[in-house]
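1. task: produce atomic coordinates for the following.
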Amino acid sequence: MRSRKHYKNPQKAKYKILHKDNEIVVVDKPAGLLTVPIPRIKAVNLEYLLNKQLDPQNSEIQAAHRIDRYTSGIVVFARNRKAHRNLMMQFRNHTPDRVYLAIVRGCPTKKEDILKHHMKRVKQGFRNIVVPASDEEGTQARLRYVVLQPGEEKSLVKIFLDTGLKNQIRVQFAEIGHPLVGDRHYSSKEKFNSNLDRQALHAAELTFDHPATGERVTFLSDLPKDLKFELKS
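-> Numbering: from 1, shown residues only. Reported below is the predicted structural model:
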């Protein structure tokens, strides 16, 4: 059983349960809500809220993966240890299909492309950076994107994530000169270019094998209101 903690303003963290059964809970997470606890940070997190709502006695609900605090969209949680091991193995093997929507600055020259970089995490600034393939500390990051709505100032892209490194999408698009709108962490110019209070990234689709039945299941989440407004502005 996990220890119970008291977090600030849990009532303000609104989320939507897309599916639940005895093995899993699939949630549409709002931007600004942590997926899991972070040491020394008392901000509320989704894992805590789900345990409080669905399993207050056992507290066995655990995230099988995570998305950034200020990224919105779909996250799957396991409701028991066996399901958690199964889902964790799937994500380690990159078998789930993870599809994101992002608003990037400008418009990529290629309307469809595969991005491959090597990245490593650095302590300074708590971020991932792109490094040469020869760097032994680097890990390959791969994704495919399609431009859905091109624009001179900003464009909507659909991203098919192959690997799942920390901040991968944000780092790779910044590297090719098209950082995510609102992403001040990887593009300092965004503090002047955007009124959006978070990076314009949304986990829109997740497909994986159900840990109990083996059935391939898919869950979808619409682009949230703030990103729809950003596209129109």
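
2. pLDDT weak spots in this structure?
-> 1-13, 125 (pLDDT under 70).

3. could you find the closest non-adjacent residue to the residue most central in space within the chain?
-> Nearest to the mean C-alpha position of the chain, by CA atoms, centre = their mean, lies residue 67 at 2.9 Å. Leaving out its chain neighbours, the residue that sits closest to residue 67 by CB to CB, 6 or more residues apart in numbering is residue 203, at 5.2 Å. C-betas here are computed from N, CA, C, even on glycine.

4. just want the phi and psi numbers for that neighbour.
-> With angles defined as degrees, to the nearest 10, residue 203 sits at phi -80, psi 100.

5. my guess is residue 105 meets residue 176, correct?
-> No: the pair residue 105 / residue 176 is not scored as a contact, 10.8 Å apart, by CB atoms under 8 Å.

6. in what helix or strand does residue 171 lie?
-> Taking DSSP states H and E as the definition, one finds residue 171 inside helix 168-175.

7. buried ones in the helix or strand following that helix?
-> As assigned by DSSP H and E, the chain's next helix or strand after helix 168-175 is helix 190-193. Buried residues in helix 190-193, counted by 16 or more other CB atoms under 10 Å: 190, 193.

8. C-alpha coordinates for helix 190-193, PDB please?
-> Presented in PDB, the C-alpha positions along helix 190-193 are these (Å, rounded to 0.1, in the frame of the first residue of the first chain):
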ATOM      1  CA  GLU A 190       8.000  31.700 -26.700                       C
ATOM      2  CA  LYS A 191       7.700  33.900 -23.600                       C
ATOM      3  CA  PHE A 192       7.200  36.700 -26.000                       C
ATOM      4  CA  ASN A 193       5.500  34.900 -28.900                       C
END
